[in-house]
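1. what follows is a predicted protein model with its sequence.
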Amino acid sequence: MENRQTSRLEAFVLTVISVGYLGLGVETIFLSWEGWMIPVIFISLVALLVINFTHRLSENNMKVLFFLYALMASFYHSVHRTSQFDVVVVTAIMLTVMSLLDRLYMLNIILIEFVAVMMNQVFMNYTDDMSEVDALLISRILLHAGAVICIYVFCRLTVRNRIAQKEKQLRGEIEANETKEDMDDFLSNISHELRTPVNVVNGMSRLFMNREQSEEVNAIHAAGLRLSDQIESIQDYTEIKRGELILEEENYMTMSLVHDVVTNYNQSNEKRDLELIVDLDPNVPNMMKGDIKKLHKVFKHLLNNSIKFTHGGGIYIKMTSKKRDYGVNLIIEVADTGVGMTRNDIAQVSKGMYQANKKRNRSTGGIGIGLPIVYGFVHKMNGFVKIESKRGIGTTVKLSIPQVIVDPAPCLSVKDGFSGDILFFMDPGKYRLPMLREFYKRMAVNIASGLGIRLFSASTIEDSERLLQKLNVTHVFTGMDEYESNKEYFEDLCKRGYQVAMSAFEDFSLDQGSQIKVMPKPLYGIPVVQILNNGYVFEDSDDKMDKLSLAGRTALIVDDEPMNLVVASGLLREYKMYTDTAESGAEALSKYEKEDYDVIYMDHMMPEMDGVECMKRIREMADRMRRSPVIIALTANALSGAREMFMNEGFDGFIAKPIDISEFERVMKHVLPSIGANEEGRDA
């Protein structure tokens, strides 16, 4: 807004000066003033216009140029004998227009010029014939001078008030920015400091849960996990607002991403009456490169937001891709049948404002920064976000994120030689919302077309039998409700040689001897392909390795917080590791000098010697002692880019506190080969 006002102001001043120069040229011609000034006037005007429209000067220099042009024009006009009483009019216009530029020195110079030209006019017109000087002339000169002085004082007061107002506004903006930065620093620092006690709560409650199950301990653990998520969200939000977000790109498998999303949803969602439909395009590249952690968080925030505000119906996730020169645009769509959003809500969220509807968030829980974080992450990844929503109907969030292709093969495919038709048995009457039926239909059709197989639907036993007689059906897919309503029929299909698969909750149990295959809800592409490939088991990039085994390994845990040592030791003992601890960098150096360890878990922020310095000293000791230690940063410093920072410093891995078990196992699986190599070297 301020830039627009500035450009309008400059345009007005330029217009006044241009009109003045044109008028000056015309007056020079008609009054037969200096003829050589006519081309000078028009060349000067053209030069001014060219300089202005080519933006060769800064805003401040352009204002000075405007002033000089106006000053020269008014001086040339005022030095002529015929302009005696025009000087007042020209000076008044000059004072009024130049006051808009908010430069007090310009007003002073204009007043000095007025005094000078008026004295020149008196000298030119009356020194030769003093008889023309009378009381009327003197009063007119004094009146004109008084008018100019009044205009000068008024303009000066106006400019001073405007400058004071701008300075006040600037101070307010500076104070607001400082307050905002202080608040961001506070949130960032407090979220960092809270990680240590939350790590203790989560770790200790998990240890108690492994020993003895109780509702109280489960509640403590669930509360700790929720607090951990909120701390992480606050940290992400402050990094986005401060422009400190850093991408950490790595290779990932599409099926791993979708599998993790479904698994996390099943673990966190308690609304069993809420349907989740996952529509994965089989032709999405098998492996891509991007920030997989932020993609996980994007899914988490979108799903959490949908779960909060969807009290019945379901959630639809669609993931597809569009090829581009740089790789693909990963297209993610999350739709729900919830309460929806207003246009004002969407506008606020798109601007990065938290709690688009504060009352709505208070009634459902959460801190209301999920969607702003999604916007921040996606924009940082050079993507875009689009929200479509209507109150009472639902919300659809569409994302497009550029990704690099690592393996262009389709993420889902049936084995070579597969032939046969697929029957999808679904009772549409069980879904009271037409949107749910449409979601399931879209998912089934997209899977079939992506895999290149023929899919047919049936809603009754009669429809099913008619299709079975006409087609080469090999597999029948159905739901838990349809199975329970027609149990004998589906069991008979198995006896007739058809492969029947049912989507059901994990705690659903079949009758003994049943040949029906159960696919845990939600139904999506990965388990469907497993069934079509005769029981082929999905494996992600981590599962293709040997299962995590740390039995007999030795570990040194370095942390200045005693409770963190208890938690980490308890976790590692669950994996049957032998653990030793050190409460400072100096103690860690002393212990490593006496004994070699398979893994060293190093905290970052420690007094006297931080984790980075301690790691480097251990590396120096290891070189002298011909050892090759694996050192992993185990720290509450989970700021964006922390992993890359630690890896660049020389760490072999990075695990953030509070410790996430899946992340811990993933890191350990990646460093295990080097651990094995170290042992072989020592044994040799």
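-> Ah, there it is.

2. for the nearest residue to N304 once chain neighbours are set aside, grab the count of nearby residues.
-> Nearest residue to N304, sequence neighbours excluded (C-beta to C-beta, 6 or more residues apart in numbering): G370, at 6.0 Å. C-betas here are computed from N, CA, C, even on glycine. When counting by other C-beta atoms under 10 Å, one arrives at 25 neighbours for G370.

3. my guess is G370 contacts S306. True?
-> No: look at G370 against S306 with C-beta atoms under 8 Å: they stay out of range, at 10.0 Å.

4. measure the residue nearest to N304 to F377 for me?
-> Plainly put, G370 is 11 Å away from F377 if you go by C-beta to C-beta, to the nearest Å.

5. swap in R140?
-> Taking C-beta to C-beta as the measure, R140 falls 74 Å from F377.

6. F654 too?
-> Counting by C-beta to C-beta, the gap from F654 to F377 is 19 Å.

7. of the two, who's got more company?
-> Taking other C-beta under 10 Å, F654 and F377 do not tie; F377 has more neighbours (25 against 21).

8. show me the contacts for the more buried one.
-> Applying C-beta atoms under 8 Å, 6 or more residues apart in numbering to F377 gives the contacts 236, 240, 245, 291, 294, 297-298.

9. what about the closest residue to I516 other than its chain neighbours, which helix or strand?
-> Excluding its sequence neighbours, the residue lying closest to I516 (C-beta to C-beta, 6+ apart) is V500, at 4.8 Å. According to DSSP states H and E, V500 maps onto strand 499-504.

10. what residues does that strand touch?
-> The contact list for strand 499-504 (C-beta under 8 Å, 6+ apart) reads 474-480, 483, 490, 493-494, 515-523, 527-528, 531.

11. that strand - what's its average pLDDT?
-> Across strand 499-504, the average pLDDT comes to 89.

12. which SS state does L107 fall under?
-> At L107 the chain is in helix, as set by DSSP: H, G, I helix; E, B strand; the rest coil.

13. was I right about it contacting V97?
-> No: with contact defined as C-beta under 8 Å, L107 and V97 do not form a contacting pair (11.0 Å).

14. buried sites along the longest strand that the chain contains?
-> Using DSSP state E, we find that the single longest strand of the chain is strand 394-410. For strand 394-410, the neighbour count (16 or more other C-beta atoms under 10 Å) marks 394-397, 399-401, 403, 405-406, 410 as buried.

15. ranges for the helices of the stretch 251-400 of the chain?
-> 254-268, 292-309, 343-350, 358-364, 370-380 (DSSP state H, counting those that start in this stretch).

16. what do you get for the stretch 51-200 of the chain?
-> Assigned by DSSP H, counting those that start in this stretch, the helices in the stretch 51-200 of the chain fall at 59-78, 86-99, 104-126, 135-211.

17. looking at the ones you listed, which one has the lowest mean pLDDT?
-> Lowest mean pLDDT within these: helix 135-211, at a mean of 81.

18. ok, then the element right after it?
-> The helix or strand immediately downstream of helix 135-211 is helix 215-242, counting by DSSP H and E.

19. distance from that next one to the middle of the chain?
-> 18 Å (C-alpha atoms, centre = their mean, to the nearest Å).

20. tell me which other helices or strands it touches.
-> Under the contact criterion of 3 or more C-beta pairs under 8 Å, 6 or more residues apart in numbering; DSSP states H and E, helix 215-242 touches helix 135-211, helix 292-309, helix 370-380.

21. and the shortest one, how far out from the chain's middle?
-> So the one you mean is helix 370-380. 3 Å.

22. the longest one too?
-> Going by C-alpha atoms, centre = their mean, the spacing between the C-alpha centre of helix 135-211 and its chain's C-alpha centre is 26 Å.

23. ok, residues contacting stretch 10-23?
-> Residues outside stretch 10-23 that contact it (C-beta under 8 Å, 6+ apart) are 41-42, 44-45, 48-49, 52, 59, 62-63, 66, 69-70, 73, 93, 97-98, 100-101.

24. repeat for stretch 97-112
-> 9, 12-13, 16, 63, 66-67, 70-71, 74, 91, 94-95, 148-149, 152, 155-156, 158-160, 162-163, 166.

25. go on, stretch 597-617?
-> With C-beta under 8 Å, 6+ apart as the criterion, stretch 597-617 contacts 553-561, 564, 568, 577, 580, 584-586, 588-589, 592, 618, 629-637, 646, 649-651, 655, 668, 671, 675, 678-679.

26. tell me which residues in it are buried?
-> Of all the residues in stretch 597-617, those buried under the rule 16+ other C-beta under 10 Å are 597-604, 606, 609, 611-612, 614-615, 617.

27. same question for stretch 435-446.
-> 435-437, 439-440, 443-444, 446.

28. how close does the residue nearest to T196 when sequence neighbours are not counted get to V630?
-> Leaving aside its sequence neighbours, T196 sits nearest to A636 (C-beta to C-beta, 6+ apart; 5.3 Å). Taking C-beta to C-beta as the criterion, A636 is separated from V630 by 21 Å.

29. which one of the two has more residues nearby?
-> Neighbours around A636 and V630, counted as other C-beta under 10 Å, are more numerous at A636. The numbers are 25 against 21.

30. list the contacts of that one.
-> 192-193, 195-196, 199, 604-605, 656-657.

31. returning to that earlier point: now, the contacts of stretch 597-617 that are in helices?
-> If you go by DSSP state H, the contacts of stretch 597-617 have 564, 568, 585-586, 588-589, 592, 618, 646, 649, 668, 671, 675, 678-679 in helices.

32. from those, list just the buried residues.
-> 564, 568, 585, 588-589, 592, 618, 646, 668, 671, 675, 678.

33. can you lay out the residues you listed as TSV showing pLDDT?
-> Output for those, formatted as TSV (pLDDT from 0 to 100):
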residue	pLDDT
N564	85
A568	88
G585	92
A588	94
L589	95
Y592	94
I618	95
F646	89
M668	88
V671	83
I675	49
N678	43
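
34. show me the shaky parts of the stretch 351-500 of the chain.
-> Scanning the stretch 351-500 of the chain for pLDDT under 70 picks out 351-368.

35. the strands in it, which residues?
-> Secondary structure of the stretch 351-500 of the chain by DSSP state E, counting those that start in this stretch: the strands cover 384-390, 394-410, 421-425, 454-458, 473-479, 499-504.

36. now those strands in CSV, with distance to L207?
-> Output for the strands of the stretch 351-500 of the chain, formatted as CSV (distance: least, C-beta to C-beta, whole Å):
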stretch, distance to L207
strand 384-390, 40
strand 394-410, 38
strand 421-425, 46
strand 454-458, 48
strand 473-479, 39
strand 499-504, 33
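
37. and of the ones you listed, who's closest to I332?
-> strand 394-410 (4.3 Å; C-beta to C-beta).

38. just list the residues touching T91, thanks.
-> Listed by C-beta under 8 Å, 6+ apart, the contact partners of T91 are 74, 110, 113-114, 148, 151.

39. what do you get if the cut-off is 10 Å, keeping everything else the same?
-> Neighbour list for T91: 74, 78, 110-111, 113-115, 117-118, 144-145, 147-148, 151-152 [criterion: C-beta atoms under 10 Å, 6 or more residues apart in numbering].

40. was I right about Y483 contacting F508?
-> Yes: between Y483 and F508 a contact is recorded at 9.1 Å, counting by C-beta atoms under 10 Å.

41. looking at these two, which is more packed in?
-> Shown here are Y483 and F508; by other C-beta under 10 Å, Y483 has more neighbours (22 against 14).

42. quick check: closest non-adjacent residue to that one.
-> In space, Y483 is closest to M502, 4.9 Å off (C-beta to C-beta, 6+ apart).
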